[in-house]
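K.L.:
Next comes the sequence, and after it the predicted model I'd like to discuss.
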Amino acid sequence: AAMVGRSILLEDLWYEITAFTDATHITIGVNYSGTTLSAATYVLATIVSGVSISNFIVQNSAIALIKDQYTDATVYDGMIFDDGLGALDADDSSGLFMKTAFILNCGYGIDFNNAEFHLLDTVTLINITTSGAIICNGIHNCGYVTVVIQNCVGNGYTFTNCANLGMTINSIKEITGKGIECVSGCRDIGIITPLIAYCSSDAIKFTASTDSCQI
């Protein structure tokens, strides 16, 4: 019963829980808009919604410069991330929008884990020193528009268990790993107008468990 008033993250979106019947039945406030789920992982939380951070510099941290978790409809606009373990660590969230951001001198760039329905627009990542520029695990229905990655240790993009992603006008250059890698469990990924150059390994790698993609 303590769930009532909190929210549940299912596939792409948060849904407010309005009633509790028993251990296997709850009611949500609006109709579920996703596909049928079975044995799926879910998250329950009291969410923070509608936060905007703009024209801000975050720097010099031994951990992620920003941690984003249990959020809905968060906007980062005109941001500079400099010298952190990572720029943004986003877990269990929906509707994250990053526009006009500059990320430099970080161990990793952005780590999305169950961070659904997000968009990167005009984001530059340079001098990523440890574990890759953009790391995505278990995400759906997301877009990457005009993203520039240069001088990166690790992969430019790493996707695991991700679906329904669109990438357009990406420049990925000077990568010690792969430009774009779909590790496993990925489907329905579209890549339009990429420039991928000077990778130590493959420019694009799809494993056997990655299906229905278009370049």
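P.N.:
Yep, it's here.

K.L.:
on contacts alone, who are the packing partners of the longest strand that the chain contains?
P.N.:
Under DSSP state E, the strand in the chain containing the largest number of residues is strand 71-106. On a contact count with 3 or more C-beta pairs under 8 Å, 6 or more residues apart in numbering; DSSP states H and E, strand 71-106 meets strand 7-10, strand 13-22, strand 48-49, strand 52-54, strand 57-69, strand 108-116, strand 119-128. Every C-beta, even on glycine, is put in place using the N, C-alpha and C of the backbone.

K.L.:
So what touches the last one?
P.N.:
Spelled out, it's strand 119-128. Contact with strand 119-128 is made by 87, 96-110, 133-134, 142-154, as judged by C-beta atoms under 8 Å, 6 or more residues apart in numbering.

K.L.:
Please indicate which of those are buried?
P.N.:
Neighbour counting over the contacts of strand 119-128 (16 or more other C-beta atoms under 10 Å) leaves 87, 96-104, 106-110, 133-134, 142-154 as the buried ones.

K.L.:
Show the end-to-end separation of stretch 180-195, please.
P.N.:
By C-alpha to C-alpha, to the nearest Å, the extent of stretch 180-195 from end to end equals 11 Å.

K.L.:
er, stretch 3-23 I mean
P.N.:
11 Å.

K.L.:
and the residue nearest to V48 when sequence neighbours are not counted, how far is that from K178?
P.N.:
In space, not counting the residues next to it along the chain, V48 is nearest to T71; the distance is 5.0 Å by C-beta to C-beta, 6 or more residues apart in numbering. Counting by C-beta to C-beta, to the nearest Å, the separation of T71 from K178 is 30 Å.

K.L.:
Save the helices and strands packed on strand 71-106 as TSV, and put in mean pLDDT too.
P.N.:
Supplementary listing: the helices and strands packed on strand 71-106 in TSV, determined by pLDDT from 0 to 100:
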stretch	mean pLDDT
strand 7-10	93
strand 13-22	94
strand 48-49	96
strand 52-54	96
strand 57-69	97
strand 108-116	96
strand 119-128	98
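
K.L.:
Out of those, which gets nearest to T158?
P.N.:
The closest of these to T158 is strand 108-116. By C-beta to C-beta, the value is 9.5 Å.

K.L.:
partners of that closest one in the sheet?
P.N.:
Strand pairing for strand 108-116, using DSSP bridges, gives strand 71-106 (parallel), strand 134-137 (parallel).
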